[in-house]
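Trainee: Provided below for reference: sequence and predicted model.
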Amino acid sequence: MVLVLNGVLQEDCPPDTRSLYHAHPVYRDTAAQLLAIPNKVIGPVGLLYVQQRELAATVPHDKNVNILGSDDATTCIIVVVRHSGSGAVALAHLDGSGTDEAVCTMVQRVQELALGYPEGRIELQLVGGFSDAHHYSEELFYNIMNSFHKHPVEIDLTLACVGELNTTIRGGIHWPMICGVGVNVKTGEIFPATFPDKGPDQALRCAKYLTGVAQVIIKKAYLYIVYLTENPFTRLQVLDIYDSNLGFLRIGPFNYEPLRGVDLWLEQSDDFILQHLSTSPEVEPPHFVMQIRATLKYIQDNQFPAVTVFRDNRPHYFRRDEHSGTWQPVRY
């Protein structure tokens, strides 16, 4: 269940952000406090970056991670679950796929990391999404809230900077005000942030969610029908990418079906890719198309990652380098 205000256990899940803010104005205040914090540009040292459809969890005494963070969330929502007593914290970047599973994993990981700390509550913070034309963010907000509401563990919602509270208007177009956040794992402080360095294996990690859109996209006649599908076993997974006990960043193993028409995708204009591979093309960051092109090229070169990327079904492991502070591959 979600404790939404002053320890009052809610019988029903809020159907949308407007209902939440109307019934509990305190969330307007806490969202305003977050929006008033200047955006920070965070470098790679001490950072554990979480991509779309990924999650990670750690503890304050982790010597490898100072900041958990994610950005480039337009219609997506960044979810933070934290145990107030131990400081154990998990962060996920959710887009609607695998929400129930991700919620269960986040709560479980935080509970495991909080063992030995009898005092404290599990707190929930939501940041991202905006009043987009197709209401993708509203649907995602409800799905996330409903997933936590169904969970048997009591969750205290302490921050919800989503929907209309995270929306501004520029030139007649709705824009998200915050697209990324960082969490200081030592203090639990959450703040608006951008991350120029998004960690290792970026194209591979992006390929995981790009090929897992799980829908049929009908293009112009010469593009036919392009199916963005994935192995059913991995389609809905939100990957847990970090082992805080070993200090290892872990990618994979996973597989995806070859992306049909990838050659044709790469031949299209930047505007075509932007319009057809984004849920919010008007507000994407400048590097969006470049990142998508790099991901499509990676998929083109690695149509069967279980064979070419994850040989012997082994994950890619990375360890924090003590001198540079960045993630370096673990050699076998």
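Mentor: Received the coordinates, thanks.

Trainee: show me the strands in the stretch 1-150 of the chain, by range?
Mentor: 2-5, 8-9, 40-41, 47-49, 54-58, 67-70, 77-83, 89-94, 122-128 (DSSP state E, counting those that start in this stretch).

Trainee: quick check, central residue of the chain?
Mentor: In the chain, the residue lying closest to the centroid (Cα atoms, centre = their mean) is H93, at 1.0 Å.

Trainee: can you give the contact residues for stretch 139-158?
Mentor: Contacts with stretch 139-158, where a contact means Cβ atoms under 8 Å, 6 or more residues apart in numbering, come from 1-4, 7, 9-10, 13-17, 27, 30, 75-77, 79, 81, 94-96, 99-100, 102-104, 107, 111, 121-126, 129, 162-163. Every C-beta, even on glycine, is put in place using the N, C-alpha and C of the backbone.

Trainee: from the chain's centroid, how far away is that stretch?
Mentor: 16 Å (Cα atoms, centre = their mean, to the nearest Å).

Trainee: buried residues in it?
Mentor: Of all the residues in stretch 139-158, those buried under the rule 16 or more other Cβ atoms under 10 Å are 140-149, 151, 155-158.

Trainee: cool, and stretch 308-328?
Mentor: 309-310, 315-318, 320, 326-327.

Trainee: before we move on, what about stretch 252-264?
Mentor: Of the residues in stretch 252-264, 252-257, 259, 261-262 count as buried by neighbour count, 16+ other Cβ under 10 Å.

Trainee: pull the helix or strand with minimum mean pLDDT from this protein.
Mentor: strand 215-218 (a mean of 33; mean pLDDT, DSSP states H and E).

Trainee: in terms of pLDDT, where does the closest residue to L47 other than its chain neighbours sit?
Mentor: Leaving aside its sequence neighbours, L47 sits nearest to I67 (Cβ to Cβ, 6 or more residues apart in numbering; 4.9 Å). At I67, the model reports a pLDDT of 98.

Trainee: cool, and L159?
Mentor: As predicted, L159 sits at a pLDDT of 96.

Trainee: R235 now?
Mentor: In this prediction, R235 carries a pLDDT score of 45.

Trainee: surely N166 is in contact with G129?
Mentor: Yes. Between N166 and G129 there is a contact at 6.3 Å, judged by Cβ atoms under 8 Å.

Trainee: who touches both of these two?
Mentor: Contact criterion Cβ under 8 Å, 6+ apart; residues shared by N166 and G129: P176.

Trainee: low-confidence ranges in the stretch 101-250 of the chain?
Mentor: Scanning the stretch 101-250 of the chain for pLDDT under 70 picks out 212-236.

Trainee: quick revisit: more crowded one of N166 and G129?
Mentor: G129 (33 against 26; other Cβ atoms under 10 Å).

Trainee: could you measure that one against I178, distance?
Mentor: Taking Cβ to Cβ, to the nearest Å as the measure, G129 falls 10 Å from I178.

Trainee: what sits in contact with each of these two?
Mentor: Common neighbours of G129 and I178 (Cβ under 8 Å, 6+ apart) are N166.

Trainee: how much space separates the residue nearest to L47 from R53?
Mentor: 20 Å.
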